[in-house]
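K.L.:
Model the following, please.
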Amino acid sequence: QGDVAAPPVAAISPASVRLGERRTGTFRLTCTGECRVTSFSGSNGIAVSGNAFTVRAPAARPGCAGPPVTESGVITVHWTGTAPGGEESADGTLTMMVSWTVAADPGALIPDSDGGGYWSNCPRARE
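P.N.:
Below is the predicted model of the structure:
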């Protein structure tokens, strides 16, 4: 009686990525046999095509000064595969966490009669 190969095991790398101001990245599926991606999807505006992804988020949103806000989403990859020799098969779902930053855009400086001004996306101070 011969040895039966173990079912394939797949992994996604990296398991998570912090894009910062960038909006694109790639991932890799590794497998202990012959594996293929059967479907993939992204949440919160992440578009996936092949092993590349793009975040559909603006670099900045209207707001007052402050640190960039971190947003995140998940890439989900469904896969199927066979072990070397084709005797054992498996399938599964893998996830990858993606985060990115969105800066606050204060808008245009609106001059006032006192030689100062205010930012169009920020509330004016009441006097």
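K.L.:
buried set for the lowest-mean-pLDDT helix or strand in the chain?
P.N.:
Each helix and strand of the chain was given a mean pLDDT (mean pLDDT, DSSP states H and E); the minimum falls on strand 117-119 at a mean of 88. Using 16 or more other Cβ atoms under 10 Å as the test for burial, strand 117-119 gives 118, 119. (C-beta placed from N, C-alpha, C; glycine too.)
K.L.:
cool, stretch 63-79 as well?
P.N.:
Of the residues in stretch 63-79, those buried (16+ other Cβ under 10 Å) are 63, 71, 73, 75, 76, 77, 79.
K.L.:
ditto for stretch 38-45
P.N.:
Under the neighbour-count rule (16+ other Cβ under 10 Å), stretch 38-45 has 40, 42 buried.
K.L.:
How about stretch 82-89?
P.N.:
When neighbours are counted by 16+ other Cβ under 10 Å, the buried residues of stretch 82-89 are found to be 82, 83.
K.L.:
Would you tell me what the next helix or strand after the strand of greatest length in the chain is?
P.N.:
Once the chain is assigned using DSSP state E, the strand that runs over the most residues is strand 89-105. Moving toward the C-terminus from strand 89-105, the next helix or strand (DSSP states H and E) is strand 109-111.
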